[in-house]
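[1] need a 3D model of the following:
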Amino acid sequence: MRPTDLDPSQRAVLDVPVGSSAVVLGAPGTGKTRTAVELIAHRVLEQDLEPNEVLLLAPRRTQAARLRDRLVVRLGVPVDGPPARTAASLAFDIARRSAIAEGRPQPVLLAGGEQDALIAQLLDESAVRWPDRLGPDVRALTAFRGELRDLYARCVEHAVDPAGLERLGRQHERPSWVAAARFWDEYYDVLTAVQPDAFDSAELAALAAAAVARGTAGEVADRLRLVVVDDLQDAGESTVALLSALAERSTAIIAFGDPDVAADTFRGGEPDLLGRFESRLGIASAVRLELGTVHRHPAVVRRFVTTVTARIGTALAGWQRDAKAAVEGGAPVTAVEAGSAGELALAIAHRLRARHLERGVPFADQAVVVRSGAQAEPLARALEAAGVPAVTATTGLPVSTERAARALLEVVATALGITPLTPESAVDLLSGPFGGMDRLTLRRLRLALRVEELAGDGTRSAGELLVDALDRPGRLITIEAAFARRAARFAETLEAVRTAAAAGGSAEELLWLVWERSGLAGTWRERALAGGTGAAEANRDLDGVVALFTAAARAAERAPTDPASVFVTAQLVAEVPDDTLAPRGIRDGVLVTTPVGVAGLEFDTVVLAGLQDGVWPNLKPRGSLLGVGDLVSVLTAGATPAGPADERRAALSDELRLVALAASRTRDVLVLAAVANEEEAPSVLLTLADEQTVARSSDAAPNALRPLVGALRRIAVTGAPPQRHEAAAALARLARDGVPGAAPEHWHGLADPSTDAPLEPDPDAPVRVSPSKLEQFERSAVDWFVDRIAGGEPLLAGAIGTMLHRILEEGGDADEAALLAALEGRWHELDFEAAWIGAKERRLAERMVRAIARYLADRRADGTRLVGGETPFAFEHGRAQVRGTIDRVELDSQGRLRVVDLKTGSTKVPKADAVTHAQLGVYQLAVLEGVVPDVEPGAPRSGASLLYVREKTQRGYALVEQPPLSDEAAVQMRARLAAAAEGMAAARFEGLVEPEVRHGGSSFRAMLARIPEVCGD
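    Model prediction:
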């Protein structure tokens, strides 16, 4: 039965005579898709067409899937085959059936990733001479290969072979086309040799159109009496060819569309196809209709959309722009500007939450649209962090770019030897999701391996030992610790993968082996169901793993005899995604996607984000490397390539179509959002909004729990008495409901101390005082306590400094060549996160070694000789038990003793502070006490020196002198030691200097977190 709520223009479409073709123009929201569904239902249910005699074509698989389900429900009768599909799906079906009918091998779809990988390999090996501007670096780009594939697709659609492309290149003086044509010949030769039955989507469409013309298309095409096309403006030349072939066989074609919202022009879509419908499809005549009423959104949004579309060329249409909104008024279109991307994300999140909380709009009924897929994931993460659940549509990236999927691939690739097992990759594997070790446990493992190595007189670095441990699972059995057992389990996983691969296991089986042994399925499932930012990350990880397994299963079906290494290698290097039907997590979240991602959808609220000048609209010409647009112009009209002005005008029209498409998806609220600061300017599109808002974090009260709790806590502590009481009452209510952070017992700094006992309870026990730590304790006792008890991450500079001290100790008075040779012999003991860091630090270390060598040479020249190097000493004073090591004890030409301390840091002690320098003072006191070996008590002294070897001077070193310790200074030094010993044994430690100054914020917080672990709560 015909629905009674169709408007007159929609009912007119249903009245188009059976067998007639038609073009239906309709602005966004006029009900084109609904009318198309009702048209098919009317033909089947009231005009006696069989369900398999009608077909609805959609431009994208996601839209086709939605329309298929919608049609099945609407028809309510059994259907033989999908009632809605894409043109590419129909073409593949026809080409396959035609091959069977004619006794040829069935065609295989060449996926985009496979085609890209083949082209990339051939470009490296090809002898084709390309223009200089398309050198090797350009040809290595993914964008270049993408344009090359696009160029060939357009040629196939217009029946141009390599020879024809070369002729066009010579005719229009385009050497890039000539080179591309010659490379195309090579590509076909290789593809025919390795996959003779593989065709890309454009070639399959050409095969299908030819089969329909020959009458060998099979029953799928032969029985069609009506094809309804939704969004014809996004159809390319291959779809036109197939529709033309069907129309030639008396199939009626009824097309719906609006050239103002064409989204696939860069893929060959033709916005003017609706205007040239009869001539392009070879149809004698077609009924032309317009849908006149916009039902989706109110007049305010409709006015914005028409303001945008008025700036676009009509594409031989334009009547659809006269449609009027059925509802007057509406919420004003709002432009939001913020000072940074982070502030903008917070402002967007605030508005989305407000719609959810104040109007009850589900998050799934809201969308944020960005210009490119690369912007979607970062914005979705920012929204998640701001308390708004967000989901992204397919990003258009290979599955290997997903964090979890990449990590899973890397484990299998390392086990198979595809990826070499190096110290760097070993760290990445163990600290990844499948290794399960954090930086602290990994550090303990490396230290334990190094201790064992030194005990056995070995010289291998910690990185080499880590590689050996993962390569031989039994290697870690001698280390009795939880972290070693965890690493051993991971090593056993690698060995299990190697064994399974040797037995012929498929890629899917090897991936599943790692996944099952990891035990992450249950953990990630719990996190995904728990909610919050952790749930978003877990959902993304699970989606990536599912997509990877789907790709592996599909590869096994296509090439069951290929070893697992073929699939793993292809995935690791893939830069173009394969089409996938892998399911993704479904949850209530704001959709963050591109304009194409919202085609065919509608939402209560739509935010157009990232409307920056030069970003959206982006007027950069498409296909600029190979001139794909110029080729299409030549092929379609025989015209000369467009000039720069025409290219920019065409690009602007395409960009405005994307804006109109995205903006028209809303039913109620439309927000335009951009960053405005000294470096980024909003797009001119923001000037079209009705209202302007500058977003600031203080503009609105928090409407999410985390910022609300923070604001209430701040008021409860710093606010006026009435406000403090109200905030405390609100926090109490939130705490009763279990909101994290609301209860005071969870606030940092309010918990009672775990103990108030002194660090050293025995008042008579000695306290060890290190000369190098004395000044740190005097400056900030709490800094000393955190460093002493919790310990910080060993800094690279400290490790290099320790090495230089050893070289100085073992080298004695050696010359520069000998010291550099000693550095060379020890350098392998250090590990670096990247090769460039190692090279940089090596240059600095060599410079410091040369500075040490010059200092030693100068001392030899002035008659100074070495008495002792790395000389240990110990003495006691009160409770202070002093132990230390003096880098150098020297005797000058006048027989006076001097102690020297080597410094490899960049910060020098001011000369004025050297007089009271604690470390040098303790060294001199040790000499006075007579506890320094090989030094006679009472020997003449010339003082002490700090030797800095990081100076950018001619000599490379500098000396900061401390005069000989007087009797009075010695008394003061002893008093400082006694006071430090008492302070170090105390129960309270005060800090006048913020510890973060020394350690850096994140490192200091990590050290604080370890104090309960070290001290026992």
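[2] ok, residues contacting stretch 733-749?
    Residues outside stretch 733-749 that contact it (CB atoms under 8 Å, 6 or more residues apart in numbering) are 705, 706, 708, 709, 710, 712, 713, 731, 732, 750, 751. To be clear about C-beta, it is placed using only N, CA and C from the backbone, and glycine gets the same treatment.
[3] those in helices, which ones?
    Counting by DSSP state H, the contacts of stretch 733-749 place 705, 706, 708, 709, 710, 712, 713, 731, 732 in helices.
[4] for residue 756, state which of these is nearest.
    Within the ones in helices among the contacts of stretch 733-749, proximity to residue 756 (CB to CB) peaks at residue 713, which comes in at 26.8 Å.
[5] right, and that closest one touches residue 728 too?
    No. Residue 713 is beyond contact range of residue 728, at 9.6 Å (criterion: CB atoms under 8 Å).
[6] what's the ChimeraX line that selects buried ones from the contacts of stretch 733-749?
    Here is the ChimeraX command that selects the buried residues among the contacts of stretch 733-749 (16 or more other CB atoms under 10 Å):
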select :706,708,709,712,713,731
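[7] pLDDT added to the contacts of stretch 733-749, as CSV?
    Putting the contacts of stretch 733-749 into CSV (pLDDT from 0 to 100) gives the following:
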residue, pLDDT
705, 77
706, 77
708, 81
709, 84
710, 82
712, 86
713, 86
731, 87
732, 89
750, 68
751, 67
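[8] as CSV, the contacts of stretch 733-749 with distance to residue 296 would be great.
    Shown next, in CSV, are the contacts of stretch 733-749 (distance: CB to CB, whole Å):
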residue, distance to residue 296
705, 33
706, 35
708, 34
709, 39
710, 39
712, 40
713, 44
731, 43
732, 46
750, 53
751, 55
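[9] ok, the contacts of stretch 733-749 vs residue 928, which is closest?
    residue 751 (46.9 Å).
[10] what is the neighbour count of the residue nearest to residue 251 when sequence neighbours are not counted?
    Closest residue to residue 251 apart from its sequence neighbours, by CB to CB, 6 or more residues apart in numbering: residue 224 at 5.0 Å. Each residue near residue 224 was counted by other CB atoms under 10 Å, and the total is 21.
[11] and residue 224, that's in a helix?
    No. The assignment for residue 224, made by DSSP: H, G, I helix; E, B strand; the rest coil, is coil rather than a helix.
[12] I'd assumed residue 55 was in contact with it.
    Yes. Using CB under 8 Å, residue 224 and residue 55 qualify as a contacting pair, with a distance of 5.9 Å.
[13] so what sits against both of those two?
    Counting by CB under 8 Å, 6+ apart, nothing touches both residue 224 and residue 55.
[14] touching, residue 337 and residue 677? I think so.
    No. Counting by CB under 8 Å, residue 337 sits too far from residue 677 to count as a contact (9.3 Å).
[15] neighbour count for those two, which is higher?
    residue 337 (21 against 12).
[16] check contacts around residue 501.
    Residue 501 sits next to 415, 416, 510, 563, 564, 565 when contact means CB under 8 Å, 6+ apart.
[17] for the fifth one, the count of nearby residues, please.
    Other residues lying near residue 564 total 26 when counted by other CB under 10 Å.
[18] ok, for it, nearest residue in space, not its chain neighbours?
    residue 507 (4.0 Å).
[19] wait, residue 887 sits on residue 806?
    No. Residue 887 is beyond contact range of residue 806, at 10.7 Å (criterion: CB under 8 Å).
[20] show me where pLDDT drops low in the stretch 551-700 of the chain?
    Screening the stretch 551-700 of the chain residue by residue with the criterion pLDDT under 70, one finds the ranges 558-559, 573-587, 621-624, 637-647, 695-700.
[21] again, only this time at 50
    581-586 (pLDDT under 50).
[22] the stretch 901-1017 of the chain too?
    In the stretch 901-1017 of the chain, residues with pLDDT under 50: 993-1017.
[23] ok, 90 please
    904-914, 927-942, 950-956, 967, 986-1017 (pLDDT under 90).
[24] in it, which spans are helices?
    Per DSSP state H, counting those that start in this stretch, the stretch 901-1017 of the chain carries helices over the ranges 911-914, 918-929, 967-984, 996-999, 1001-1015.
[25] now do the stretch 151-300 of the chain
    Under DSSP H, counting those that start in this stretch, the stretch 151-300 of the chain gives helices at 162-171, 175-194, 201-214, 219-222, 237-248, 277-281, 299-309.
[26] repeat that for the stretch 1-150 of the chain.
    Counting by DSSP H, counting those that start in this stretch, the helices of the stretch 1-150 of the chain are 8-14, 32-45, 61-75, 87-102, 112-125, 136-139, 142-157.
[27] ok, of the ones you listed, where does mean pLDDT dip lowest?
    If these are sorted by mean pLDDT, helix 112-125 sits at the bottom with a mean of 81.
[28] what's the offset of that helix from the middle of its chain?
    Distance of helix 112-125 from the chain centroid (CA atoms, centre = their mean, to the nearest Å) equals 25 Å.
[29] buried residues, that helix. List them.
    For helix 112-125, a neighbour-count test (16+ other CB under 10 Å) marks 112, 113, 114, 115, 116, 117, 118, 119, 120, 122, 123 as buried.
[30] which one of those residues is nearest residue 550?
    For the buried residues of helix 112-125, the nearest to residue 550 is residue 113 (13.3 Å; CB to CB).
[31] right, and that closest one touches residue 555 too?
    No. Taking contacts as CB under 8 Å, residue 113 lies outside contact range of residue 555: 10.4 Å.
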